[in-house]
Each structure stands twice: as C-alpha cells, then as structure tokens.
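Novice: sequence below, structure please.
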Amino acid sequence: VNTGNGKGKTTAALGLMLRAHGRGLRVRMFQFLKHESAKFGEHRTLDVLGLPYEGLGDGFTWRSRDLENSAAMAAHGWSLARAAIESGEHDLIVLDEFTYALKYGWVPWPEVEVVLRARDPLLHVVVTGRDALPELIALADTVSEIRPVKHAYEAGIGAQTGIEY
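Specialist: Next comes the predicted model:
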C-alpha cells in the first residue's frame, strides 16, 4: 500500500511495475480515477512498452458532477480488477487510487478482503491513494506512507507536464 498526503504514490507503483516487467513478470494496472482516454505521461510510456492498464474513473472524485456514476464506475472497475486478480495471469497488479473507492464505500471492503486473502500468494497487489483504510493497512505486508515535506506548488509552481502528469 502506498498511501499518505505526499506526492509519489502512483509514481512508486509505476516504478515497481517497470522493475517487475524488466524481470519478465506479468503486470497490469487499473486506475480508479483516471478516465479511459487519459494520455498522461505514464500512459504514453505504458503504451510504448505494451503494458496493460485501464482508466476506470471519471476524474477526481471531488470534482465529479455525478457521484452515482463515479460509484458505478468504481464498482465496474473492481469487477475487472477482481477478475484479473483471480485469473492467475499476472504477477503484479496495481490498483491505482483504489483507496478512494474503498473510503467512499463504492466497493465494499469485506469483498475486497476476501479476494485479497484468497489470491495466489505469488501475486503482488499494490494499492495506492490517500486515506487507506486501517483494515487495508493491517492486511498489507508492506505499507509506505508518503508525507509532504515541501512541494513546488506551495511556491506557486503549478503542475508540470512530465513531472506531475
């Protein structure tokens, strides 16, 4: 689990995906906030490398105009991610920004817990996002809390292409 209010949770998960892919492991990413047609820097690189990912959301939840649709998208995304976890076809699966789907109750924690506990013990599942549930933290074997110390945004520097997205 990569959680906390600092910058770098998804970046760390992407680095792990690249490392795993470089060692011949089968990887896949499900992004629960980014939409299916997003083409941020990581998507362009994943496309070049031929690594599978799905954008399953409708953007940042706090900007959503239709939270019922956001919830339905998260539930659908979880059904896809669950199928991938249960398929035995991957060595590493990243559930990017999945903590929000859990926090808002769009995906029920008890169901996620059952799936994670029943997964192949050789399958690595990485969950990213702020406010990870205490139950998720307790279940995980590795948890990193990324906290902000200083960020360029505080100095008036906006999000930069290739750095933040």
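Novice: okay, CA-based contacts and neighbour counts for the rest of this
Specialist: Will do.
Novice: lowest average confidence, helix or strand, in the chain?
Specialist: Taking mean pLDDT, DSSP states H and E as the measure, the helices and strands of the chain show their lowest mean at strand 53-55, namely a mean of 91.
Novice: so what touches that one?
Specialist: Taking contacts as C-alpha atoms under 8 Å, 6 or more residues apart in numbering, the residues outside strand 53-55 that touch it are 28-38, 43, 46.
Novice: how far off centre is that strand?
Specialist: 10 Å (C-alpha atoms, centre = their mean, to the nearest Å).
Novice: tell me which helix or strand comes right after that strand.
Specialist: Scanning forward in sequence from strand 53-55, with DSSP states H and E defining helices and strands, the next element found is helix 67-87.
Novice: now find how far off-centre that next one is within its chain.
Specialist: The chain centroid and the centroid of helix 67-87 are separated by 12 Å, computed with C-alpha atoms, centre = their mean.
Novice: list the helices and strands the next helix or strand along the chain from that helix packs on?
Specialist: Beyond helix 67-87 in the direction of the C-terminus, DSSP H and E gives the next helix or strand as strand 92-96. Counting by 3 or more C-alpha pairs under 8 Å, 6 or more residues apart in numbering; DSSP states H and E, the packing neighbours recorded for strand 92-96 are helix 9-22, strand 27-31, strand 124-127.
Novice: looking at these, which one is packed in the most?
Specialist: strand 27-31 (a mean of 23; mean count of other C-alpha atoms under 10 Å).
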